[in-house]
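> sequence first, predicted model second:
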Amino acid sequence: MARRPTITDIATAAGVSVATVSKAVNGRYGVAPETVEKVMRVVAEMGYESSLVASRMRGVRTGVVGVLVAEFEPFSAEVLKGVGAAAESHELDVLAYSTPRRVHGAGWENTSLARLAGSLIDGAIIVTPTVEAIVADIPVIAIDPHVGPGDGVPTVEADSFGGAVSAVKYLIELGHRRIGFVAGRPDLRSSRARDAGYRRALSDAGIPYDSEVVRVGFYEQDAARTAALSLLDSPRRPTAVFAANDLSAIGIIEVAREIGLEVPRDLSVIGFDDVLEASRMSPPLTTVRQPMRRLGAAAMSLLTTLMNGEEPPERHVRLATQLIPRATTAPPRSSGER
């Protein structure tokens with residue numbers, strides 16, 4: 001039978017001290033992120049992680065929950081604040097962990113969980129995952145979940161469909177008829193719901209759906225800028241655009257200015273999220289507010305229930321959204337279509 005690797009073996013293989021390995025695997029301060037990643041990679045390769053998991057199975061808890069994100073953008077940052085506040089009331093620490101999706105591709109969350117579960121964290125909250133099939137030996141909650149089938153992982157999300165309906169309905173009430181849409185990540189349930197809400201609002205108003213004024217921005221500002229360039233550089237450009245998130249809306253407004261359009265005189269833009277930048281930009285962004293901190297708090301409530309070995313009353317939580325009219329929307333300059 002092969003000898004189980006010791007902490008000294010891990011330290012030697014990683015080229016660090018035993019004290020550094022101890023800090024890295026126990027989530028203590030004083031170790032650079034790149035060193036933690038190197039140590040945890042060696043831990044996984046040598047099988048030392050299995051002994052840590054075994055310790056956990058004997059009832060040892062770390063008192064730490066993980067929040068796993070692909071990147072620290074405004075949405076995940078606000079969610080993290082909600083998780084942190086809720087964790088404090090449960091006397092738990094929070095480990096925020098980022099594994100860039102661009103680097104690791106789909107499934108980054110399972111890679112992160114393999115490194116952290118059992119050794120560093122007792123449970124995890126994953127923000128905007130790339131896969132539906134989450135593999136973990138610890139309780140996991142998904143915020144802004146993937147579109148995959150089944151209900152194995154409990155989820156928390158905002159009412160994206162209702163929020164999109166209210167956004168597009170508001171533009172219609174202002175007098176807009178040619179309304180563009182820059183969609184989000186097609187693999188996320190929120191993006192599909194916002195697309196469905198956009199279509200429903202148009203249908204309810206008797207406005208035909210027109211694929212010529214629809215683009216995909218993937219919830220990313222740079223991608224939304226590219227989408228906006230093709231959308232707005234047209235003789236029959238839309239008089240208003242609904243963006244699937246605020247970062248996309250900001251990118252659209254930047255492009256509009258660069259090509260000589262004034263918002264909202266020439267183009268109305270409405271976003272989704274109500275991140276901090278939305279109210280601080282000039283002009284302030286009209287948007288649909290989703291309660292990002294409450295999403296984090298609700299996920300934390302589900303997670304602690306599961307960590308205590310109990311079944312939550314609801315495994316899928318959906319929170320209401322709210323339209324926030326500001327200064328990037330106005331009636332079109334004329335009643336005629338462009």
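Received, thanks. Here the structure is a predicted model, which is why all the values come from computation and not from measurement.
> for the rest of this, base every contact and every neighbour count on C-alpha atoms.
OK.
> so which residues of the protein form helices?
Using DSSP state H, the helices of the chain run over 7-14, 18-25, 33-46, 48-57, 74-89, 101-104, 108-116, 160-173, 189-204, 221-232, 246-258, 276-280, 292-307.
> and the fifth one with helix 292-307, angle?
Counting by axes from the mean of the first three to the mean of the last three C-alpha atoms, to 10 degrees, helix 74-89 lies at 50 degrees to helix 292-307.
> for the residue most central in space within the chain, phi and psi?
In the chain, the residue lying closest to the centroid (C-alpha atoms, centre = their mean) is residue 128, at 3.9 Å. Main-chain dihedrals, residue 128, degrees, to the nearest 10: phi 50, psi 70.
> now do the one 3 residues further on
Summarising the backbone geometry of residue 131 under the convention degrees, to the nearest 10, its torsions are phi -130, psi 150.
> re earlier: worst average pLDDT in the helices of the chain?
For these, mean pLDDT drops lowest on helix 48-57, to a mean of 48.
> how about residue 21, what does it touch?
7, 10-11, 39 (C-alpha atoms under 8 Å, 6 or more residues apart in numbering).
> adding distance to residue 301, write the residues you listed out as a markdown table.
Output for the contacts of residue 21, formatted as a markdown table (distance: C-alpha to C-alpha, whole Å):
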| residue | distance to residue 301 |
| --- | --- |
| 7 | 35 |
| 10 | 36 |
| 11 | 37 |
| 39 | 31 |
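> mind putting these into a markdown table with distance to residue 80 and neighbour count?
A markdown table is the format used below for these (distance: C-alpha to C-alpha, whole Å; neighbours: other C-alpha atoms under 10 Å):
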| residue | distance to residue 80 | neighbour count |
| --- | --- | --- |
| 7 | 32 | 16 |
| 10 | 32 | 25 |
| 11 | 32 | 19 |
| 39 | 25 | 24 |
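> got the helices of the chain as TSV, with distance to residue 140 columns?
Listed next are these as TSV, based on distance: least, C-alpha to C-alpha, whole Å:
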stretch	distance to residue 140
helix 7-14	28
helix 18-25	20
helix 33-46	20
helix 48-57	16
helix 74-89	14
helix 101-104	19
helix 108-116	9
helix 160-173	22
helix 189-204	18
helix 221-232	29
helix 246-258	27
helix 276-280	28
helix 292-307	7
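> to residue 154, which of those helices lies closest?
Among the helices of the chain, the nearest to residue 154 by C-alpha to C-alpha is helix 292-307 (7.8 Å).
> what residues sit buried inside stretch 211-228?
By neighbour count with 16 or more other C-alpha atoms under 10 Å, stretch 211-228 contains the buried residues 213-228.
> now do the same end-to-end measure for it.
Terminal residues of stretch 211-228 are spaced 14 Å apart (C-alpha to C-alpha, to the nearest Å).
> likewise stretch 145-157?
7 Å.
> how about stretch 229-246?
17 Å.
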